[in-house]
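Trainee: A predicted structure for the sequence below; I have some questions about it.
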Amino acid sequence: QVQLVESGGGLVQPGGSLRLSCAASGGTFSRYTMGWFRQAPGKEREFVAAIHWSGGPTRYPDSVKGRFTVSRENAKNTVYLQMNSLKPEDTAAYYCAADRRSSGVATMYVAYDYWGQGTEVTVSS
């Protein structure tokens with residue numbers, strides 16, 4: 001069974017930065033496409049970033065493109081989300097997820113098989 005544990009969330013002022021980490025155990029992390037999603041209260045889960053198992057192709061929605069960067073270290077079974085120029089609308093619970101089929105770089109949450117418990121990010125002055 002794959003377990004994913006996020007960390008690095010917290011309170012940050014607008015314009016600030018945070019780096020989220022997601023540590024995986026079990027399974028074969030190096031063969032999974034990894035994604036980040038977020039969900040704000042009363043809103044649907046939203047795709048934030050994804051990275052192919054090879055560390056090559058990445059995808060972002062327009063809402064975070066140029067501000068967020070996803071990366072991974074397969075040797076450490078860890079995926080990261082560097083978030084810069086944070087805005088109040090980035091406030092949400094952030095989840096990492098693993099796609100064990102990895103046929104591409106999926107943006108739909110239904111493509112992901114394993115999920116972490118989430119870490120809270122609050123952007124406020």
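Mentor: Structure's in. What do you need? Numbering: from 1, shown residues only.

Trainee: now do the strands in the chain.
Mentor: For the chain, the strands defined by DSSP state E cover 3-7, 10-12, 18-25, 33-39, 46-51, 58-59, 68-73, 78-83, 92-99, 114-115, 119-123.

Trainee: select, out of those strands, the one closest to residue 107.
Mentor: In this view, these are compared for proximity to residue 107 by CB to CB, and strand 46-51 is the closest at 4.5 Å. All C-beta spots, glycine's among them, are computed from the backbone N, C-alpha and C.

Trainee: got any ranges where the protein has weak pLDDT?
Mentor: Filtered on pLDDT under 70, the chain yields no residues whatsoever.

Trainee: what do you get if the cut-off is 90, keeping everything else the same?
Mentor: Counting by pLDDT under 90, the chain contains low-confidence ranges at 1, 26-27, 54-56, 101-104.

Trainee: so residue 70 touches residue 36, yeah?
Mentor: Yes - under the criterion of CB atoms under 8 Å, residue 70 is in contact with residue 36, at a separation of 6.3 Å.

Trainee: could you name every residue contacting both of the two?
Mentor: When CB atoms under 8 Å, 6 or more residues apart in numbering defines a contact, the residues bordering residue 70 and residue 36 alike are 49-50, 79, 81.

Trainee: let's have those residues in TSV, adding distance to residue 125 and neighbour count.
Mentor: Rendered in TSV, the data for these read as follows (distance: CB to CB, whole Å; neighbours: other CB atoms under 10 Å):
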residue	distance to residue 125	neighbour count
49	25	29
50	30	25
79	29	30
81	22	27
